[in-house]
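In: when you get a sec, could you give me coordinates for this:
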Amino acid sequence: MRQRIENTEGLMLDGKILNPEDIEAIINAVRVGLEMAKLRNKEKYELRNKEKYGRKKRNNDGSIKNT
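Out: This is a model prediction of the structure:
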């Protein structure tokens, strides 16, 4: 995605052509947003999996049981 944005000629925002510094700022903002979304989804789905599968405990004979 970064290459696609960097290689676009005449990239505009609010009717103004962006300079390289502005393009870099947009790329960095998108990167931060994606990282935040990844962290949020990781927390959400880890919690869901923990609730769904629970912790595993061992029986007296050493076999694993779900609780």
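In: next one: stretch 39-52 to chain centre, how far?
Out: 13 Å (C-alpha atoms, centre = their mean, to the nearest Å).
In: buried stuff in that stretch?
Out: Across stretch 39-52, burial judged by 16 or more other C-beta atoms under 10 Å covers no residue at all. Backbone N, C-alpha and C define where each C-beta goes, glycine included.
In: okay, now Arg2: neighbour count?
Out: The tally of other residues near Arg2 (other C-beta atoms under 10 Å) stands at 12.
In: for Ile27, report the pLDDT, please.
Out: pLDDT, Ile27: 92.
In: ah, wrong one, I meant Glu35
Out: Looking at Glu35, its pLDDT stands at 95.
In: what helix or strand is it on?
Out: Element membership for Glu35, per DSSP states H and E: helix 20-53.
In: next one: that helix to chain centre, how far?
Out: Its chain's average C-alpha position is 3 Å from that of helix 20-53, according to C-alpha atoms, centre = their mean.
In: just checking, what packs against that helix?
Out: helix 2-6 (3 or more C-beta pairs under 8 Å, 6 or more residues apart in numbering; DSSP states H and E).
In: can you list contacts of the helix it packs on?
Out: Under the criterion C-beta atoms under 8 Å, 6 or more residues apart in numbering, residues Leu11, Ile23, Ile26, Ile27 lie in contact with helix 2-6.
In: of the residues you listed, buried ones?
Out: For the contacts of helix 2-6, buried by 16+ other C-beta under 10 Å: Ile23.
In: can you lay out the contacts of helix 2-6 as TSV showing distance to Gly33?
Out: Output for these, formatted as TSV (distance: C-beta to C-beta, whole Å):
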residue	distance to Gly33
Leu11	18
Ile23	16
Ile26	11
Ile27	11
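In: and which of the contacts of helix 2-6 is nearest to Glu43?
Out: Among the contacts of helix 2-6, Ile27 lies closest to Glu43 (C-beta to C-beta), at 25.3 Å.
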